[in-house]
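[1] with the sequence up front, the predicted model follows.
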Amino acid sequence: MELAKVEALLERYFDAETSLTEEQQLRRYFSEGNIPTHLQAYKALFDELDMAKAETSKQPVSLSKPAASKSPWWYGVAAAVLIGIGVAGYQWSQPQLTSQEQEALAAFEKSKEAMLLLSENFNKGAEDLVLIGEFTQAKNKILK
C-alpha cells in the first residue's frame, strides 16, 4: 500500500471516518514487516488492538434475569376498583334536586330568557329614540 494512502487512512481513522474494510486494510498493513520508522508507533497501537480483540475471559459470565415486577398484577386491578368506587361515591353524594326545585329552576331559565328578549327589544327602541332625537334637532335647525 502506498505511504500517502496509509497516512490518509490513518488521519481518517483517528477522525472516526473510516469504514470497516479500510480499518482492516490498516491492520493488514501494520501486521506486515515493512513499516517506515515514523509509523512504528501506530504499528504498536494496531498490534495491541489485535491482541485485545483476540483476548477472551476464562470465567463464565452469568447474566442475571431481569427483576420481576415487585407489585403483583392485582395491585392495578385494585387501584382501578378503588377509583371506580370513588367516582361512583362522588356522583351518588351530589345533591339531587326535587321536582319542585327542578320546576323552579326551569321557571328561572324561562324568566331569564324573557328578560334577555325584553332587554334586546329595549335596546332597539333606545336606538330608534336616538334617531328621533337627531331628526328633531335637524327639524328645529331648519325651522328656525
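    Yep, it's here. Numbers count the residues shown, from 1 in each chain.
[2] count of neighbours near residue 42?
    Look at residue 42: counted by other CB atoms under 10 Å, it has 18 neighbours. (Glycine included, C-beta is placed from N, CA and C.)
[3] so who does it touch?
    Residues counted as contacts of residue 42 (CB atoms under 8 Å, 6 or more residues apart in numbering) are 10, 30.
[4] mind checking the SS state of it?
    helix (DSSP: H, G, I helix; E, B strand; the rest coil).
[5] any idea how far it is from residue 57?
    Using CB to CB, to the nearest Å, we find residue 42 at a distance of 28 Å from residue 57.
[6] where do the domain boundaries of the chain fall?
    3-54, 104-144 (automatic domain parsing).
[7] can I get those domains in CSV including mean pLDDT and distance to residue 86?
    Listed next are the domains of the chain as CSV, based on pLDDT from 0 to 100; distance: least, CB to CB, whole Å:
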stretch, mean pLDDT, distance to residue 86
domain 3-54, 86, 57
domain 104-144, 87, 28
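[8] format those domains as JSON lines; extra columns: distance to residue 89.
    Formatted as JSON lines, these follow (distance: least, CB to CB, whole Å):
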{"stretch": "domain 3-54", "distance to residue 89": "63"}
{"stretch": "domain 104-144", "distance to residue 89": "25"}
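[9] how about the helices in the chain?
    Taking DSSP state H, the helices of the chain run over residues 3-14, 20-31, 40-54, 74-93, 99-143.
[10] for residue 61, which of these is the nearest?
    helix 40-54 (17.3 Å; CB to CB).
[11] how far off helix 3-14 does the closest one point, in degrees?
    Relative orientation of helix 40-54 versus helix 3-14 (axes from the mean of the first three to the mean of the last three CA atoms, to 10 degrees): 50 degrees.
[12] what residues sit buried inside helix 40-54?
    42, 43, 46 (16 or more other CB atoms under 10 Å).
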